[in-house]
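Colleague: attaching a predicted model along with its sequence, questions to come.
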Amino acid sequence: MKSCNENIEKAIALSEVMLDLANSGDMDREDVGCGILYGILRDAAYRIKKMAEAERSAHIQKGTWE
């Protein structure tokens, strides 16, 4: 696999780790500040995942995805 495609896959995997952390952190939080932190983390993870999946689709359509 090309390194540019590997990096897209890593970004998707990273976003999934971020979502897991946001979910577990939100369940364990003790104050509002933590809730804000995990909300921002969750939002960023969804944005990263959406962008990376769109880029993967673009690479597939261009024929540069193996």
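Modeller: All right, it came through fine. Numbering: from 1, shown residues only.

Colleague: give me the pLDDT value at the residue nearest to the spatial centre of the chain.
Modeller: Among the residues of the chain, residue 15 comes closest to the average C-alpha position under CA atoms, centre = their mean, at 1.9 Å. pLDDT recorded at residue 15 is 98.

Colleague: mind checking the SS state of the nearest residue to it once chain neighbours are set aside?
Modeller: Sequence neighbours aside, residue 49 is the residue nearest to residue 15 in space, at 3.7 Å (criterion: CB to CB, 6 or more residues apart in numbering). Glycine gets a C-beta too; all of them are placed from N, C-alpha and C. The three-state label given to residue 49 by DSSP: H, G, I helix; E, B strand; the rest coil is helix.

Colleague: burial of residue 49, as a residue count?
Modeller: Residue 49: 18 surrounding residues under other CB atoms under 10 Å.

Colleague: show me where this structure has helices.
Modeller: In the chain, the segments counted as helices under DSSP state H are 3-28, 32-62.

Colleague: what packs against the shortest one?
Modeller: In this case it means helix 3-28. helix 32-62 (3 or more CB pairs under 8 Å, 6 or more residues apart in numbering; DSSP states H and E).

Colleague: gap between residue 50 and residue 29?
Modeller: Using CB to CB, to the nearest Å, one gets 25 Å for the distance from residue 50 to residue 29.

Colleague: which residues are in contact with residue 52?
Modeller: 8, 11, 12, 15 (CB atoms under 8 Å, 6 or more residues apart in numbering).

Colleague: contacts only, for the residue nearest to the centre of the chain.
Modeller: Residue 15 sits next to 45, 46, 48, 49, 52 when contact means CB under 8 Å, 6+ apart.

Colleague: low-confidence ranges in the protein?
Modeller: Scanning the chain with the threshold set as pLDDT under 70 gives no residue ranges.

Colleague: do that again at 90, thanks
Modeller: 1, 66 (pLDDT under 90).
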